[in-house]
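Visitor: take this sequence and fold it.
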Amino acid sequence: MTRFTSKYWIVLFAPVFASCAPGWGPMDSNQYVHATAEPAPDYAVGTWTGGLGPYVMTMKIAADGYVDTCHSWNHRDAVGKAKYSHGRLYFSDGSYAMVDKSAKGMTVTPLGDEDHASDFVRDESLRLAAPHCEDYFSKQ
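Guide: Numbers count the residues shown, from 1 in each chain. Alright, predicted model coming up:
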């Protein structure tokens, strides 16, 4: 009987480990382009700030379902757009997040991954926004 070396074990078990990968699927900017914005629920309309991973994100959700976004982390600042449709925000970078009302304000669940859900709080004054985002929204 031949002994397997470690590289053979990796090849043998790679499909098993791959099946454990998150089911996020590829990000697809077509979702944003082709989504039809719907009126956002009353609880979601306004300016919100929260943390998504290492980023502090601020977003302004309009009643018609169009959203302006801004996020910042480690001097990496970016602005974007999103559309609210069927309980989700479809972002211009190809990602999406589910949104739900919560006791603290609004829960944002990126890419449907509940392990990374985050509570966003109302922030009309932009006091919680990252400095770049505060400047961006103040100039609108």
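Visitor: in the chain, which residue is most central in space?
Guide: Nearest to the mean C-alpha position of the chain, counting by C-alpha atoms, centre = their mean, stands residue 110 at 4.0 Å.
Visitor: that residue touches residue 116, doesn't it?
Guide: Yes. Using C-beta atoms under 8 Å, residue 110 is in contact with residue 116, at 5.5 Å. In this view, the C-beta of every residue, glycine as well, is placed from N, C-alpha and C.
Visitor: where do the contact lists of these two overlap?
Guide: Residues touching both residue 110 and residue 116 by C-beta atoms under 8 Å, 6 or more residues apart in numbering: 52-53.
Visitor: give the contact list for residue 57.
Guide: Taking C-beta under 8 Å, 6+ apart as the criterion, residue 57 is in contact with 49-51, 69-71, 120, 133.
Visitor: the protein: strands as residue ranges?
Guide: According to DSSP state E, the chain carries its strands in the segments 46-52, 55-61, 66-73, 76-85, 88-91, 96-102, 105-110, 118-122.
Visitor: any low-confidence regions in this structure?
Guide: Confidence mapping of the chain against pLDDT under 70 gives the ranges 1-29.
Visitor: give me that answer again for 50
Guide: Flagging of the chain using pLDDT under 50 yields the residue ranges 4, 6-25.
Visitor: how about residue 130, nearest residue that isn't a chain neighbour?
Guide: Nearest non-adjacent residue to residue 130, counting by C-beta to C-beta, 6 or more residues apart in numbering: residue 72, 3.4 Å away.
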